[in-house]
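**Q** just coords:
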């Protein structure tokens, strides 16, 4: 079923994120914002439908999230979740296990910045269960 | 004279950019958005008052501009200027001479992303003259 994505930021929404769907619970969209590999700062705007989140994962090079639209959440393993709003920036240190996604009742967009792309690997782990998600966002 | 900076984006404005004032025509403000040096992606939100622009300059590692508020301009040496609006992203290749700043009648904010910070140097050149600026933004 085709989903209509609301306009929640000034940045492009891109295409449905089918390539990473196996690592997400719910639908997401992906727009590449950069292409010059000499700059070593790949950036993508990721949009999550309400309730959508990615699996627990870590980046060996780290990641930065720049929140640009809607309301979301970020959680590191063993810590309280943090609510995210436009204008928030999250610095995710290398190898810290975490997940991010939308609030249950809001779309959410963040620019995801891949750090140290020359060596970075994304290590995908198990999904965030409904019980974990519900506890995190309440 | 204290200037009141209007709220034109969701990102912080920070402090008046006195450290770089020698390389700017007009007043600007600077808010650091990141601090973890392991990520190798320093980001600052820079806010320009109307008419403010930085000198011609280049970055040996390149730079990315993420436009988040108001209206601005970006020009590479020998090319037409490009108007910038929220949601625009500018990829500046290493060593390309350029300037950026606000429109004559609008405040402007962009997140400036320093690329390849391990080796980057910023090379500052001459100011953008009133004649160059007026021609660029008309």
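**A** Nice, thanks for sending it over. These numbers were taken from a predicted model, which means no experiment stands behind them.

**Q** Okay, and the most centrally placed residue in chain A sits in which element?
**A** Centroid-nearest residue in chain A, with CA atoms, centre = their mean: residue A:100, separated by 4.9 Å. Using DSSP states H and E, residue A:100 falls within strand A:98-102.

**Q** what residues does the helix or strand following that strand touch?
**A** Sequence-wise, the next helix or strand downstream of strand A:98-102 (DSSP H and E) is strand A:108-114. Strand A:108-114 has contacts (CB atoms under 8 Å, 6 or more residues apart in numbering or on different chains) with A:8-9, A:11, A:13, A:33, A:41-48, A:52, A:59, A:61, A:63-72, A:84, A:90, A:100-102, A:120, B:41, B:66, B:113. All C-beta atoms are positioned from the backbone trio N, CA, C, and that covers glycine.

**Q** Report the buried members of the residues you listed.
**A** The neighbour count (16 or more other CB atoms under 10 Å in any protein chain shown) marks A:8-9, A:11, A:13, A:33, A:41-48, A:52, A:59, A:61, A:63-72, A:84, A:90, A:100-102, B:41, B:66, B:113 as buried among those.

**Q** Please see if the helix or strand that contains residue A:45 touches chain B.
**A** Assigned by DSSP H and E, residue A:45 belongs to strand A:43-48. Yes. Using CB under 8 Å from any CB of the partner chain, strand A:43-48 comes into contact with chain B via residue A:43.

**Q** name the helices or strands packed onto that strand?
**A** Using 3 or more CB pairs under 8 Å, 6 or more residues apart in numbering or on different chains; DSSP states H and E, the elements in contact with strand A:43-48 are strand A:28-32, strand A:108-114.

**Q** Show me how far the first one is from its chain's centre.
**A** Put plainly, it is strand A:28-32. Chain-centre distance of strand A:28-32: 10 Å, with CA atoms, centre = their mean, to the nearest Å.
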